[in-house]
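>>> What would the 3D arrangement of this be:
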Amino acid sequence: MELRKLLRPSSIAVIGANDKNGFGKSTCINLLSSPLKDHIYFVNPRREEVFGKKCYDKISDLPEKIDMCVIILNKTLVPGAIEEAAAAGCRAAVVYASGYGETGDKEAEEQLRELCRQHDMAVMGTNCAGFINNLDGIFAFGMLVNREPQAGNIAIISQSGKICLNMMQIRHMNYSYLISSGNSTCIHVEDYLEYLIHDEDTKVIGLYLEGIKDPEKFTRVLAAAAKKRKPIVIMKVGKTAKGSALAASHTGSLSGSDKSFDAVVKKFGAIRVDDIEELAEMCHLLSVIPMLPPKPALSAMCLSGGETGICADMGTLMGLSYPELAPDTAEKIRELLPGYATVANPLDMSATLAHDGERYAQVIQAFMDDPSIGLIICGQTVLQHHEKQDVIYPMSDGMVMAARKKKKPIVVMSFFNSSRDETIRQKLESEGVPILPATGGGFKLLRYLMDFVSYDPDAHTLELAIPHGTGKQNVALSERESKLELKKYGIEVPEEYVVTEKDQLDEIEIEYPVAAKIVSPDILHKSDVGGVKLNIQNREELRAAFDEVIYNAKSRCPDAQIDGVLVNRMLPPGVEVIVGVNNDPQFGPMVLCGLGGVFVEVFKDAALYPAPLNREEALHMIQSLKGYKLLSGYRGGKEGDVEALADLVVQVAGYAAENKDTLAELDINPVFVYPKGEGVAMADALIVKRR
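Modelled structure (predicted):
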């Protein structure tokens with residue numbers, strides 16, 4: 001399957017060409033304006049011509065071999081058209097027809113998929129709007145495009161055709177491709193991604209996503225993009241139950257767990273945005289700046305104290321860094337500013353330099369020369385229209401002078417949203433200086449950018465443990481069985497005994513106090529049925545506890561299988577942590593680590609990360625917790641053994657990855673974290689297998 005024949009064809013046939021309002025008419029008009037118009041042919045046995053262009057009866061009648069065809073026929077006629085096109089040597093097609101997987105007709109979808117496999121045919125769709133190739137001026141698109149082709153370096157893949165059309169109407173954004181993938185019946189989103197990652201004309205890829213069909217390929221292409229440092233910006237619907245249901249009905253795709261998807265995106269260094277406006281603006285930012293910031297640190301220079309304060313607050317609230325300026329940087333800037341100005345970062349430079357483009361450029365250059373700075377923000381609202389006497393003209397002159405040195409990226413931060421003066425925009429963006437939206441959105445974009453800059457692909461395990469198991473029934477192991485299984489994988493388990501008769505208690509040697517717990521694969525929540533006794537101080541209390549937990553379990557769960565009583569030493573108290581695994585059906589085992597107690601139950605303070613993972617990734621998980629201060633010696637407390645906890649997380653991830661086809665869930669709760677150097681210990685464990 002060759003996507004180049006589809007996306008960069010040298011000849012095109014429109015099968016079902018017509019002039020009726022809708023996809024047929026729009027496609028014909030769009031293609032007739034193409035530089036390829038002499039190699040574009042209309043096929044329709046019922047028409048002699050459409051828009052003055054001859055119609056042929058069938059594709060085999062055309063005067064040249066066709067690379068790609070656009071099929072404007074209803075669902076029942078599509079297979080025949082594919083067969084005829086393949087017989088004529090065509091190996092790519094766009095299919096607009098709907099009524100396949102998105103409406104539940106999986107059989108028709110599979111038949112079309114098999115037909116494409118048989119003929120090695122690259123078919124875009126079904127239920128799509130086609131594509132726009134600005135590199136060659138080809139609009140094989142089912143909606144009328146009122147814009148001349150203008151080649152850019154942004155590629156957009158969208159499972160919604162309307163979003164492609166809307167993106168095309170943003171005049172200051174220029175694209176290499178806009179691809180409406182639709183149902184992705186034959187060509188998946190992952191296939192388009194793979195093509196574009198290796199496309200030299202594409203600098204940044206934007207993805208509007210409703211679901212993933214091939215998680216293994218998705219993993220491979222994300223890994224390839226991470227290694228090439230090619231940014232992928234993703235806006236995925238399905239964060240809510242309502243959004244997930246709509247996504248599934250629209251594309252026939254499984255949306256999967258949104259938290260799992262988010263964890264996968266972070267692991268591979270892609271950028272996930274929250275809405276479609278952010279998708280457009282983030283792609284634009286990445287397309288314009290000539291280089292990535294060398295480090296995730298900012299400087300800002302504004303004309304007033306108010307604007308400077310806004311930059312200081314908004315940047316800091318977004319977790320961005322304004323480092324202290326080097327002494328020589330501060331001295332250079334001091335010499336350029338009026339005597340009453342104070343040198344700081346962010347900088348209130350006063351309005352004086354706004355009228356002197358050369359000195360304004362020298363301030364930017366001073367920031368650029370500071371080794372602690374990665375990106376320079378020039379604070380100034382660009383309005384819809386500016387007169388020649390407005391300060392934006394000398395300011396933009398200064399920005400252009402500095403930008404031409406191509407040392408570090410420069411951005412303009414607006415303080416109010418409005419349409420932007422196109423003369424100013426073109427002047428700045430032609431030199432690699434983008435104009436950001438107002439501060440709320442602008443600083444959020446910079447947060448995304450700095451996260452991308454901070455990402456190191458060499459520090460991450462760029463793989464997933466994708467499950468292939470077919471087990472449908474979940475079977476829980478007892479606490480004892482769960483711990484023994486973990487022990488096989490090198491995970492340390494406290495000493496404990498299982499006794500089936502009360503007299504066996506006299507034979508065990510254990511240090512008091514101890515705990516007694518019912519052992520049963522049918523009782524997962526032992527405390528709820530009175531199946532746990534804690535802080536048992538001596539053998540007499542232990543014998544009484546044995547009788548009590550057995551009685552409680554049998555009386556409250558009469559049908560449960562009782563395998564005995566587990567006796568283990570009470571662990572000394574420490575910081576309580578939960579370590580667990582949930583096996584996502586698409587992306588595999590997701591390792592969870594969080595502070596225990598109210599941090600998980602009330603504050604939902606937990607980090608999620610895909611298996612497998614390394615020690616650095618485990619440490620990053622732990623350090624990302626809001627409650628991490630409890631492990632870092634907060635307010636005179638003892639520093640916890642974070643290294644030992646990270647080792648446990650890595651071991652659990654390794655176990656989960658190795659058992660990806662059979663593991664459903666794993667819960668180790670609580671894990672006690674002791675002071676640095678004293679390790680960690682698990683108090684309880686539960687494994688649920690899929691069989």
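>>> Please identify the helix or strand for the most centrally placed residue in the chain.
The residue lying closest to the centre of the chain (CA atoms, centre = their mean) is V265, at 3.2 Å. Here V265 sits within helix 258-267, counting by DSSP states H and E.
>>> quick one on the thing from earlier: contacting residues around the residue nearest to the centre of the chain?
V265 makes contacts with L222, I234, I271, R272, as judged by CB atoms under 8 Å, 6 or more residues apart in numbering. For the C-beta atoms, the positions are set from N, CA and C on the backbone; glycine is no exception.
>>> before we move on, back to that, avg pLDDT for the following helix or strand past the helix holding V265?
Using DSSP H and E, the helix or strand that follows helix 258-267 in sequence is strand 271-272. Mean pLDDT, strand 271-272: 98.
>>> Can you give the strand pairings for strand 271-272, parallel or anti for each?
According to DSSP bridges, strand 271-272 forms sheet pairs with strand 232-236 (parallel).
>>> avg pLDDT for the strand it pairs with?
For strand 232-236, the mean per-residue pLDDT is 97.
>>> now that strand and helix 258-267, what's the angle there?
Taking axes from the mean of the first three to the mean of the last three CA atoms, to 10 degrees, one finds that strand 232-236 is oriented at 170 degrees with respect to helix 258-267.
>>> ok now the helix holding V265, how far from the chain's centre?
Its chain's C-alpha centre and that of helix 258-267 lie 6 Å apart, by CA atoms, centre = their mean, to the nearest Å.
>>> List the buried residues of that helix.
If you call a residue buried by 16 or more other CB atoms under 10 Å, then helix 258-267 has these buried ones: D258, S260, F261, A263, V264, V265, K266, K267.
>>> Include distance to Q380 and pLDDT when you put the residues you listed into TSV, please.
Listed next are the buried residues of helix 258-267 as TSV, based on distance: CB to CB, whole Å; pLDDT from 0 to 100:
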residue	distance to Q380	pLDDT
D258	38	90
S260	42	93
F261	38	95
A263	38	96
V264	39	97
V265	33	97
K266	33	97
K267	38	98
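>>> between those residues, which is nearest T308?
K266 (32.3 Å; CB to CB).
>>> Report the separation between the closest one and V514.
K266 sits 42 Å away from V514, going by CB to CB, to the nearest Å.
>>> C28 too?
Counting by CB to CB - C28 and V514 are separated by 82 Å.
>>> More neighbours: the two, which one.
Just comparing C28 and V514: by other CB atoms under 10 Å the higher neighbour count belongs to V514, 23 against 20.
>>> what sits against L542?
L505, V514, A516, I536, V567 are the contacts of L542 under CB under 8 Å, 6+ apart.
>>> Okay, buried residues for the helix or strand encompassing it please.
Taking DSSP H and E as the definition, one finds L542 inside helix 539-556. For helix 539-556, a neighbour-count test (16+ other CB under 10 Å) marks E541, L542, R543, A545, F546, E548, V549, I550, N552, A553 as buried.
>>> Quick one: those as CSV, columns for pLDDT and distance to N18 too.
As requested, the buried residues of helix 539-556 are exported to CSV (pLDDT from 0 to 100; distance: CB to CB, whole Å):
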residue, pLDDT, distance to N18
E541, 95, 88
L542, 96, 86
R543, 95, 89
A545, 96, 83
F546, 96, 83
E548, 97, 82
V549, 96, 78
I550, 96, 80
N552, 96, 77
A553, 96, 74
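>>> between those, which is nearest E49?
Comparing the buried residues of helix 539-556 against E49 with CB to CB picks out A553 as the nearest, at 84.0 Å.
>>> if I look at the nearest residue to the closest one once chain neighbours are set aside, how far off is A685?
Nearest residue to A553, sequence neighbours excluded (CB to CB, 6 or more residues apart in numbering): I518, at 4.5 Å. Relative to A685, I518 is positioned 15 Å away (criterion: CB to CB).
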